[in-house]
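# Sequence below, structure please.
(chains A and B)
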There are 2 protein chains.
Amino acid sequence: PADACGRQEGCIPRSVADDLAHEFLDPEHPEEHLEAPTLAERDQLAKRESGVTPTSSMRLRMEAYIKEQQAQIERELEKVEGGKKFKVDTWTRPEGGGGISCVLQDGAVFEKAGVNISVVYGSLPRPAIQRMRANHKALDPDVESLPFFASGISLVLHPVNPNAPTVHLNYRYFETANADGSPNAWWFGGGTDLTPSYLYDEDTIHFHKTIKNACDAHDKTYYTRFKKWCDEYFSVKHRGETRGVGGIFFDDLDEDETKKSQEELFPLLPGLSGQLLAKLSAYYRTEERHAIYGQGEGVAAAATGPICRVQPCARSGYELRIEHARARIESILMSLPLTARWEYMHEAEKNSREARLMEVLRKPIDWI
Amino acid sequence: PADACGRQEGCIPRSVADDLAHEFLDPEHPEEHLEAPTLAERDQLAKRESGVTPTSSMRLRMEAYIKEQQAQIERELEKVEGGKKFKVDTWTRPEGGGGISCVLQDGAVFEKAGVNISVVYGSLPRPAIQRMRANHKALDPDVESLPFFASGISLVLHPVNPNAPTVHLNYRYFETANADGSPNAWWFGGGTDLTPSYLYDEDTIHFHKTIKNACDAHDKTYYTRFKKWCDEYFSVKHRGETRGVGGIFFDDLDEDETKKSQEELFPLLPGLSGQLLAKLSAYYRTEERHAIYGQGEGVAAAATGPICRVQPCARSGYELRIEHARARIESILMSLPLTARWEYMHEAEKNSREARLMEVLRKPIDWI
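From the prediction side, this is the model:
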C-alpha cells in the first residue's frame, strides 16, 4: 500500500525534511533555490525544531539509538569495572558529522574496552555507487555522486583475564539521499561475535543462545542464516581459521533483500544490542565465572613468562578497515587489544582448552 | 656487445641449462621433446652436475648467496645472544622450491630475531604478467603464463631492550623464463631500514653511513635515490608517518632501469647485506651501547607498568604481504615482534627521545 506520494507505507516519514526544504525556498531570491540545504543541515535543523520522535527520519532515530546505547553500555561496563572510568572523546568531521569515542584502558577487568559511535555525512562518488548497485538496485546509476549518511555503533571488549572472551559488536545504518533529501537507498548491517583464547563451551553456548533469542524475536530464519554469514565473513584465509567461535553477521539488509520495511527491520538492531548488553556482564562479573577464569590455563600460561598470553588478534591477522580516508584513526585502532603476542610456531598443548579452541576455529560448529 | 646468439655480454651464462635441455631431447622418442624439464628440474640437475660456480646461472648464484648469508647472520647473532640458539625449519613447496626459516625467540638480547630465505618456482598467470609489464618491457605479453623464479633473504631483529632499534633487511631476485629455460625478464629488489622506538641520533647516523658506504661502492647516485624511495615506500598513510628512520629501498632494478648488466648489479646485494652485518652487532653487543640503552627512557617506561613498551609495529600498522597464496604463513608472521601494545591516544612526553622520533617519522630528514 502506497500513500498519495507513491511512497511505501512504513518508509521514512519525511514531513520535517519537507518542511525544511520549503523554508529554504525563498520566493524573493529564486537563485537561492539552488543552494538547497545539505543532508547534514536538514538533519541539524530537524533536530533543533522537533527533537527526535518516533516519526523522525531513520537517520535521526538511528543516531538517537546509538547514542543511548553507547551511554548505557558505558554505565554497565563501569559497574563491572568497579572503579576506572571511560575516557570520552568527541570529534567532528569538517565534511559533516562526527563521533564519540569512549575507551577504558588498563582496568581491573578490561585491559581495553571501547565503545564508539559515529555519524558521517558525505558524498559517494560514481565508482562507489556502481559497486554498491550490485546489492542495491535502488541506487541511481546515472548520477556523478550521491549524498550519503552512515552511522554506527561498535563495541570491543578485551579482558585482562585471558580466560574471559573478547567480544565484538557493531551495528550500522547506511543511506543515500536524493537531491531533495529523500532516501535513495538504505540498508542495515552489523553483527556480534565472541573471540575466546581458551574454549569455555558454556560461555559460547550462552552467547549464541542470547543472540538467537534476540534474532528469533524478529525472524525465526535470521539466526541460522546470520551465524553462517559470520563464520564466512570472519574467516582468516591465510590461517585457515575463523577469528573466534562466531556469532552473527549481516550486511546490505534492505527492502529487496528482506521483504521488510525499514520500520520492521530497524528494531532488530536495538533488540540485538540490548539483549546482549543485558547478559554481557555475566562473562566478566559473576563470582562463578571469576572463580573459574582465575584458575584457567590462560592464567597458568601467563605465570610461566613475562606475558605468555595468546591474544585473539594474533590469530585473526587483524584487518583494519579504514573506510573513510579522513576517518579518525585513534577511534579505529582502539579496537586492537592493549597487548598482543606473536609466538613463532606456537602449538597448543594436547586436550587443552586452547587446543579445543583451535579445532573449532578450523572447523566452525553449531553451538545450539 | 652481443655474442653470436645475440645475447648481451654479462648476461646469464646459460651453458649448463643448454646442456640440460639437450639431455632431455631424446632423438629416439621425439614426443618426449614436449616434456621439457621445468625450471626447478633444470636448476636441480645443474647443481647436481656442476655445483654452483661463478659462471652458474644467476638463479643458482642467488640461491648460494642467500644461503651463505643466512648462515653467517645466524652465527653472528648467536654470538651476540651468547647462549640461545636459532630454531631452524626447512620447508618445501609442492610446486617447486622451498625455504629455510631461522627464528630465535625469548633471547637475552632479542625478543625475536628471524632470518629466512626462500627459493620459489612457479607459474605467473597472464594478469600478473600484464601488471609487471608496466616496469619490465622484456616480459612477453603474448603468453598465457610464464615460469618464474623468485628468491630472497629477509632479516628482522626485535631486541628485548626497547631502546635498541628494530632492523629490517630484505634482498630478492626475480626472473621469468622462456620455454627453453632462458631468462625472459629479471630484476633485483630489496632494502634495509631502521625502526627505533626511541630516537638515538648516533645509531641512526651510523646505520645510514654504513649503507651509504655499501651503495657508494657500486654507484654514487644510489644512496640518495634509494633513501628517498624507502621513505616513500614505508610511509604509513593512515598514520601520516614513516615506519622508522629510514634506510634504503629499491625494486624492479633491471637492465632498462639501471643501464647495468645483471653481472654488474648482482654484487650490490651481497655488498649491502655483508657491510650491514659487519656493523650490526654494534647496536646490540658493545659495552657502550649496553650502558646507554640500559638507562634509556624505554626501560624507565617499562618499569612503570607490566609491559609499557611502545613497539614499532604499533606505529606502522603492520601490513602483511602474503604474496603467494600457498606461502608458509609462520615464515611470514615471524617478522612481527613477539609483543606489541596499542595504547589509545598515546602521547610522547615533550622533548623525550620518543617525541623526537615522532617528529622525524612525520617528516623524514637527511641523516648524513
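# Residue of the stretch 1-150 of chain A nearest chain B, please.
Nearest to chain B in the stretch 1-150 of chain A, going by CB to the nearest CB, is A:Val103, at a distance of 4.4 Å. Every residue, glycine included, has its C-beta placed from N, CA and C.
# now that residue: how far from B:Tyr344?
4 Å (CB to CB, to the nearest Å).
# Give me the helices and strands touching the helix or strand encompassing A:Glu74, please.
Assigned by DSSP states H and E, A:Glu74 belongs to helix A:58-81. Of the remaining helices and strands, those touching helix A:58-81 by 3 or more CB pairs under 8 Å, 6 or more residues apart in numbering or on different chains; DSSP states H and E are helix A:39-50, strand A:97-105, strand A:110-125, strand A:145-159, strand A:166-177, helix A:268-285.
# got the buried residues for that helix?
A:58-63, A:65-67, A:69-70, A:73-74, A:77-78, A:80-81 (16 or more other CB atoms under 10 Å in any protein chain shown).
# repeat for stretch A:93-102
Across stretch A:93-102, burial judged by 16+ other CB under 10 Å covers A:Arg93, A:Gly96, A:Gly97, A:Gly98, A:Gly99, A:Ile100, A:Ser101, A:Cys102.
# May I have it exported as CSV, CA atoms only?
C-alpha atoms of stretch A:93-102 as CSV (Å, rounded to 0.1, in the frame of the first residue of the first chain):
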residue,chain,number,x,y,z
ARG,A,93,34.5,15.8,10.6
PRO,A,94,34.8,19.0,8.5
GLU,A,95,32.5,17.4,5.9
GLY,A,96,29.7,16.9,8.4
GLY,A,97,29.1,14.5,11.3
GLY,A,98,31.5,13.2,13.8
GLY,A,99,31.5,10.8,16.7
ILE,A,100,32.0,9.9,20.3
SER,A,101,34.8,7.5,21.3
CYS,A,102,34.8,6.0,24.8
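# quick one: contacts of that stretch?
Stretch A:93-102 is contacted by residues A:38-40, A:67, A:70, A:74, A:86-92, A:114-123, A:326, A:328, A:330-331, A:334 when judged by CB atoms under 8 Å, 6 or more residues apart in numbering or on different chains.
# Just want the most central residue of chain A.
Residue closest to the average C-alpha location in chain A (CA atoms, centre = their mean): A:Asn170, at 1.3 Å.
# what's the weakest-modelled helix or strand in chain A?
When each helix and strand of chain A is scored by mean pLDDT, DSSP states H and E, helix A:15-24 comes last, with a mean of 36.
# quick check: mean pLDDT across stretch A:90-110?
On average, the pLDDT along stretch A:90-110 is 89.
# can you check stretch A:298-310 too?
For stretch A:298-310, the mean per-residue pLDDT is 58.
# what is the orientation angle of the helix holding A:Glu74 with strand A:166-177?
For helix A:58-81 against strand A:166-177, the angle by axes from the mean of the first three to the mean of the last three CA atoms, to 10 degrees is 170 degrees.
# Show the subsequent helix or strand relative to helix A:58-81.
Using DSSP H and E, the first helix or strand after helix A:58-81 is strand A:87-92.
# tell me the angle of that following strand relative to strand A:97-105?
Using the same axes, to 10 degrees: strand A:87-92 against strand A:97-105 is 160 degrees.
# by contact count, what packs against strand A:87-92?
Identification of packing neighbours for strand A:87-92 by 3+ CB pairs under 8 Å, 6+ apart yields strand A:97-105, helix A:329-333.
# what about the last one, near chain B?
Yes: with CB under 8 Å from any CB of the partner chain as the criterion, chain B is reached by helix A:329-333 at A:Ile329, A:Glu330, A:Ile332, A:Leu333.
# Buried residues in that helix, which are they?
Neighbour-count burial for helix A:329-333 flags A:Glu330, A:Ser331, A:Ile332, A:Leu333 (criterion: 16+ other CB under 10 Å).
# May I see those organised as JSON lines, with pLDDT added?
Listed next are the buried residues of helix A:329-333 as JSON lines, based on pLDDT from 0 to 100:
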{"residue": "A:Glu330", "pLDDT": "80"}
{"residue": "A:Ser331", "pLDDT": "80"}
{"residue": "A:Ile332", "pLDDT": "77"}
{"residue": "A:Leu333", "pLDDT": "77"}
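# Do I have it right that A:Thr204 meets A:Tyr198?
No: using CB atoms under 8 Å as the test, A:Thr204 is too far from A:Tyr198 to be in contact (11.1 Å).
# so how far is the first residue of stretch A:236-253 from its last?
From its first residue to its last, stretch A:236-253 covers 24 Å (CA to CA, to the nearest Å).
# ok, now stretch A:158-178?
41 Å.
# repeat for stretch A:155-171
9 Å.
# Tell me if that stretch is near chain B.
No: shown here: stretch A:155-171 not in contact with chain B (CB under 8 Å from any CB), separated by at least 9.9 Å.
# where in the stretch 251-368 of chain A is pLDDT low?
A:302-327 (pLDDT under 70).
# What of the stretch 1-150 of chain A?
For the stretch 1-150 of chain A (pLDDT under 70), the answer is A:1-35.
# Chain B contacts on that one?
So the stretch 1-150 of chain A meets chain B at A:Lys87, A:Asp89, A:Val103, A:Gln105, A:Asp106, A:Lys112, A:Gly114 (CB under 8 Å from any CB).
# repeat that for 7 Å
When proximity is defined by CB under 7 Å from any CB of the partner chain, the stretch 1-150 of chain A lies next to chain B at A:Val103, A:Gln105.
# Now render the helices and strands packed on strand A:87-92 as a markdown table, adding distance to A:Ser235.
Formatted as a markdown table, those follow (distance: least, CB to CB, whole Å):
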| stretch | distance to A:Ser235 |
| --- | --- |
| strand A:97-105 | 28 |
| helix A:329-333 | 21 |
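# Ok, which of these comes nearest A:Lys260?
strand A:97-105 (26.9 Å; CB to CB).
# chain center to the closest one: distance?
13 Å (CA atoms, centre = their mean, to the nearest Å).
# Each with direction, which strands does it pair with?
Partner strands and pairing direction for strand A:97-105 (DSSP bridges) are strand A:87-92 (antiparallel), strand A:110-125 (antiparallel).
# Of those strands, which stretch is the most buried?
Mean neighbour count (mean count of other CB atoms under 10 Å in any protein chain shown) peaks for strand A:110-125 among those, with a mean of 22.
# could you check the angle helix A:39-50 makes with that strand?
110 degrees.
# and the helix or strand that comes right after strand A:110-125, C-alpha only, in PDB?
As assigned by DSSP H and E, the chain's next helix or strand after strand A:110-125 is helix A:126-133. Provided in PDB are the C-alpha atoms of helix A:126-133 (Å, rounded to 0.1, in the frame of the first residue of the first chain):
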ATOM      1  CA  ARG A 126      30.300   7.300  -9.100                       C
ATOM      2  CA  PRO A 127      32.600   4.300  -8.800                       C
ATOM      3  CA  ALA A 128      31.400   3.600  -5.300                       C
ATOM      4  CA  ILE A 129      27.800   3.900  -6.400                       C
ATOM      5  CA  GLN A 130      28.500   1.400  -9.200                       C
ATOM      6  CA  ARG A 131      30.000  -1.100  -6.800                       C
ATOM      7  CA  MET A 132      27.100  -0.800  -4.300                       C
ATOM      8  CA  ARG A 133      24.500  -1.300  -7.100                       C
END
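# Let me see the residues that make contact with helix A:126-133.
Helix A:126-133 is contacted by residues A:Leu139, A:Pro141, A:Glu144, A:Ser145, A:Leu146 when judged by CB atoms under 7 Å, 6 or more residues apart in numbering or on different chains.
# Using neighbour counts, pick out the buried residues of it.
A:Ile129, A:Met132.
# just stretch A:281-291 next, same as before
For stretch A:281-291, the buried set under the neighbour-count rule, 16+ other CB under 10 Å, comprises A:Tyr283, A:Tyr284, A:Arg285, A:Arg289.
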